[in-house]
Structures are given as C-alpha cells and as structure tokens.
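Enquirer: What follows is a predicted structure for the sequence shown.
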Amino acid sequence: MGSIFNQSKNKFMFLVAGLALMLVSTPGFAVDFTTLKHVVVAEATSSTLLRSGEIDFSASFALDDDVTADMVDFDEALSPLDPASAPRYAIVIDVFEAKSSRRVIDLEGIPSTVFLGFYGAPLSVASGDAARSAEGFSSALANAAPQARYGAAPQAVGRPIILSYDYDKARVQARRKLSAHLFLIDRVQKTYIQTTVDVAEDQRFEIAYRLSRYDPRRDKIRKTMDTEQELDQYERQELLIDLADVLQDFKNKASEAKPFKSAMALRKSIRQGQTHVLASLEANRFDARPLNDPRFDSVVAIYTGKGSMGAGFYITSNVVMTNWHVVEGHRFVEMKTYDGQETFGTVLGHDARLDIALVKVELRGRPVAFYTGRNLNPGASVEAIGHPMRIEFSITRGIVSAIRKHYSINLPRGAGGEDVLFVQTDAAVNPGNSGGPLFLGNRVIGMNTWGRIDATGLNFSVHYSELLNFINEHLPGFKVDPTGRS
C-alpha cells in the first residue's frame, strides 16, 4: 500500500455542514470556519509503516458541498504560500495505526448431511471436501461401488447415499482501529495546532467453513451467512474520519497553537513524533520478559476447533510457520503465546507437498534463528518444542538420526513431484507437536511434521533448507541462503 488516503473523486467528505466554529488562540491564529471553503490536505504517514505492512486499510474524509479540498503532497502543503492563489489553511495527517483484527468468539460444529449419489452409482467426491470427514464415508463408498464381475449383470442403482457430517459456523468479531496525529496549519501566519484522533469500530460476522459442495442445503446455508470475502472487504475498506470532531479538538486546543520558523522546522517536529511511534512499535514486537529459555517466546499453540491443536513458530515478528495439515481447511486460527496472550492468525499461503503453511499473526513475537550450516551430524543433540497430546509448551530431547528424503505424507507415493528432505530424529514427537520447531542449540534445523505410529523414536521434521526456500519465495524481503553462504 503506497498511501493511507483514498484520493478518489468526492472522497473528502469533511462533514462540516452547519458548523460555525471560531478558533481563537494566541494572536496571529484565528480561524473562522464559516468562511473556510477551501483547504489542502496532505499526508505525512511514515513510509516505513507503509512499507512494513503495518497499515491495513486506507482513510477517507467526507466533503460537504460547501467545502472543497485538494489533496497535495507533504512538501507542497508546507511550501511558501501566495494567499491570492492557494488556500491559507492546510491539514496534515500522520497516521500511525490503521489495524484490522479478528477474534473468533465461537466456532461451532453444525450437523448437516451430504448426498453422494446412489448405491451402484456413487459420486466421485472431490479431494479435500468436507464430505470425506462424514461418518462411515469410506465404507459407504466402498459398498456403493459397482461390482465388476465377469459375466455378471450390471448392478442396479439402489437407494441414495446420505451421510451425516458437520460444517463449522464461526462467529467472528472484526475490529478496525485508526489513530493519527493531525495538524491544522495557518500557512500565512506560520502557526499550527496539533491534535490526535482515534477511530474504532466493530462488526460481527457469521461465516460457514468446511461446507461440503455435496450438501443439498449448501446454497440456503450460504444465504443466511456472511462470506469470507465480505469480511475481507470490511477489513480493507476505507475508514472515515469525522472532521467535525477533529475541528472541535482544534477549537479546544486553540490556546496551544505554536509558531514554526520554516517548513523544515515543522517537518522536523512531525518526524520526531513518528520516530517515537516507530521506536515504541519496535520495542513491542515481542515479549521482553526474562525467561530461562527464550526459545519458548518464539513458539505458539494453534487451535483449529473440534479439540485439535498444533504448534507453530515465529519466523518474522508477525508471521508464524506451521504445518499445512495443522491449518488445513481453515482461513484463520486462534493462537496462544508462551506468556498466555491470545491472538489470531490468518493463513497467508501453504504447500501441501512440503506440509508448510504461513500465518500472519496479530500479536508480534520473537522470530527464531535458523541454522544455515552445510551439514548436520548424526548423533547431534536436538530438542523439539510443542504441545504433545495437548500438554502445552513441552520440550523433548533426542538426537539427529539421519538426513533423508521421503515422499510427502499428504500425497500418494510417487505423486506431487520431488521427495521432501527431512531430519530424522528420535526426539519424542506426538500429536500436538506438528508445526513446532526442532532446535539444534538455539537455531532451528527443522519443523516437526510426522512420525511412524508403528514404531518408537522414528520421527521426521522438514529440513531447514526446505523451510528457508519456501520462506524466501513467499515473503518478500526475507532472504537467507539455506547453504549458509550468504
């Protein structure tokens, strides 16, 4: 996003109709808003914030028919003024927060049914469809398949195949918050007033997930629900700042009007405030409380409903890596950090072959450090952090047993392209460890992914080179050479 403001025509709705505000302050700064018909508006939002993805949505200002406004760049707003040809007053806006957040306040399994054809003529159910989780799915389809026997008459089409399954109904609370510093500048008298505006709004959504395409009530259910697209659109749509409230703040602070000697001096004053905001943001990127093992600060518990959970770990301050099979079928997931804070993540991308997924997280955390050596020695001591059998934030220890390739556990053998490189370890890994980090010292060498259920101490973690290649491809600006030669 290159700008916080929507510059479309007729988007500057200042909501000043009926206002008759006189700002009376120190000599040289008196604004009669009954005669204020034309202003310039400039944006001074930090480019660092814009580039870093901290700004989730744009802002807009509504304009009354009696007021006109021109959007200009920051330099022009502070440039010397010829009162005969340009508006006397400028409003400069420095947005330092524009964040959307979601909270899944309830995730409920709703009973329904799927129609899968008839005995003797079953439908071919698409891979990944929720119908495959229906009770008795495999046996029903096996019994329904036509029996191909030499010389036998074709099997007659029989009764319909109707199975019970659950889809998920998520109740989501979406919140949007915008905070900004605003400056009302008299470009003739070279004085300005500063105020701060905070705008927040909430909206509730009900969304159906894992709704089977074979559910006869699918269309009817969707009509009663919101959609993920509507929620995404709400989070991205512009947020309106009501200038009536802003003008009242300026009126209340009129006695605080300050002179500025030059445009450079005013610019410096605005930038100092931005530096403070950025420093505060950086200081709160992760929990700084002392821990005996800071590696736990990087690990999260991931909850996906129906009693299931997995692990994940921060790879940047606001992106978590986990297994695809942990978040499969979910657009967003609930999370908890080691210090007990609850947060929320939205799935950004995934690869089923590698069993990797990336999740953008609302709460910032401590990124892990990756191992980038050329070799991992068999016998080296390693540790896995995760939540085995829902026992949260547990650590187990073992050794590197081998480095080997194996076909993807999510695809049939021989399908899906190249085999995946794994770190084989005897560190105890159980359900709930999936997606958690495997550490060699304080550096990650793999992501715990699967283990043989018919053996003890035979567990596999996706090799760090696979993880880094995936991250380098999917996160612009994140570049680490998996060979350690960077």
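Expert: Arrived safely.
Enquirer: Just the pLDDT for the closest residue to residue 222 other than its chain neighbours.
Expert: For residue 222, ignoring the flanking residues on the chain, the nearest one in space by CB to CB, 6 or more residues apart in numbering is residue 208 at 6.6 Å. Every C-beta, even on glycine, is put in place using the N, C-alpha and C of the backbone. Note for residue 208: predicted pLDDT of 93.
Enquirer: Which elements pack onto the strand or helix carrying residue 208?
Expert: Per DSSP states H and E, residue 208 falls inside strand 191-209. Helices and strands touching strand 191-209, by 3 or more CB pairs under 8 Å, 6 or more residues apart in numbering; DSSP states H and E, are strand 160-186, helix 228-236, strand 239-240, helix 243-252, strand 258-259.
Enquirer: Distance from the chain centre to the fourth one, please.
Expert: Its chain's C-alpha centre and that of helix 243-252 lie 34 Å apart, by CA atoms, centre = their mean, to the nearest Å.
Enquirer: helices and strands around it, which ones?
Expert: Looks like helix 243-252 contacts strand 22-24, strand 191-209 (3+ CB pairs under 8 Å, 6+ apart).
Enquirer: at 10 Å what do you get?
Expert: Counting contacts by 3 or more CB pairs under 10 Å, 6 or more residues apart in numbering; DSSP states H and E, helix 243-252 packs against strand 22-24, strand 30-32, strand 59-62, strand 89-118, strand 160-186, strand 191-209.
Enquirer: That one relative to strand 191-209, how many degrees between them?
Expert: On the basis of axes from the mean of the first three to the mean of the last three CA atoms, to 10 degrees, helix 243-252 is oriented at 150 degrees to strand 191-209.
Enquirer: quick one, helix 243-252 and strand 89-118 angle?
Expert: With the same axes, to 10 degrees defining the directions, helix 243-252 sits at 150 degrees from strand 89-118.
Enquirer: What residues sit buried inside helix 243-252?
Expert: Buried residues in helix 243-252, counting neighbours by 16 or more other CB atoms under 10 Å, are found at 243, 246-247, 249-251.
Enquirer: Same question for stretch 224-231.
Expert: Buried residues in stretch 224-231, defined by neighbour count with 16+ other CB under 10 Å: 225-226, 228, 231.
Enquirer: Residue 422: which of those is nearest?
Expert: Among the buried residues of stretch 224-231, residue 228 lies closest to residue 422 (CB to CB), at 33.4 Å.
Enquirer: Turn the buried residues of stretch 224-231 into TSV, including pLDDT.
Expert: Formatted as TSV, those follow (pLDDT from 0 to 100):
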residue	pLDDT
225	95
226	95
228	89
231	93
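Enquirer: Return the member of those nearest to residue 92.
Expert: residue 231 (32.7 Å).
Enquirer: nearest residue to that closest one other than its sequence neighbours?
Expert: Counting by CB to CB, 6+ apart, residue 231 lies nearest to residue 205, which is 5.0 Å off, once chain neighbours are set aside.
Enquirer: Burial check on the one you found, number of neighbours?
Expert: 17 (other CB atoms under 10 Å).
Enquirer: Tell me if I'm right that it and residue 230 touch.
Expert: Yes - counting by CB atoms under 10 Å, residue 205 does reach residue 230; the two are 7.0 Å apart.
Enquirer: what residues do the two have in common as contacts?
Expert: Jointly contacting residue 205 and residue 230 under the rule CB atoms under 10 Å, 6 or more residues apart in numbering are residue 174.
Enquirer: Give me the domain ranges for the protein.
Expert: 12-101+172-207+214-280, 103-170, 286-486 (automatic domain parsing).
Enquirer: Return the most buried member of the ones you listed.
Expert: Most buried of the domains of the chain, by mean neighbour count (mean count of other CB atoms under 10 Å): domain 286-486, with a mean of 19.
Enquirer: ranges for the helices of the chain?
Expert: 47-52, 74-77, 137-144, 218-223, 228-236, 243-252, 263-283, 324-327, 464-474 (DSSP state H).
Enquirer: Please dump these into a markdown table; it should also carry distance to residue 452 for every row.
Expert: As requested, these are arranged in a markdown table below (distance: least, CB to CB, whole Å):
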| stretch | distance to residue 452 |
| --- | --- |
| helix 47-52 | 43 |
| helix 74-77 | 61 |
| helix 137-144 | 22 |
| helix 218-223 | 38 |
| helix 228-236 | 37 |
| helix 243-252 | 63 |
| helix 263-283 | 44 |
| helix 324-327 | 16 |
| helix 464-474 | 20 |
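Enquirer: Ok, which of these comes nearest residue 199?
Expert: Per CB to CB, nearest to residue 199 of those: helix 243-252, 8.9 Å.
Enquirer: what's the angle from the closest one to strand 160-186?
Expert: Here helix 243-252 runs at an angle of 30 degrees relative to strand 160-186 (the same axes, to 10 degrees).
Enquirer: Can I get helix 243-252 in CSV? Just the C-alpha atoms.
Expert: C-alpha atoms of helix 243-252 as CSV (Å, rounded to 0.1, in the frame of the first residue of the first chain):
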residue,chain,number,x,y,z
LEU,A,243,-13.7,16.2,10.8
ALA,A,244,-16.5,17.7,12.9
ASP,A,245,-14.9,16.0,15.9
VAL,A,246,-11.4,17.0,14.7
LEU,A,247,-12.4,20.6,14.4
GLN,A,248,-13.8,20.6,17.9
ASP,A,249,-10.5,19.2,19.2
PHE,A,250,-8.7,22.0,17.4
LYS,A,251,-11.1,24.5,19.0
ASN,A,252,-10.4,23.1,22.4
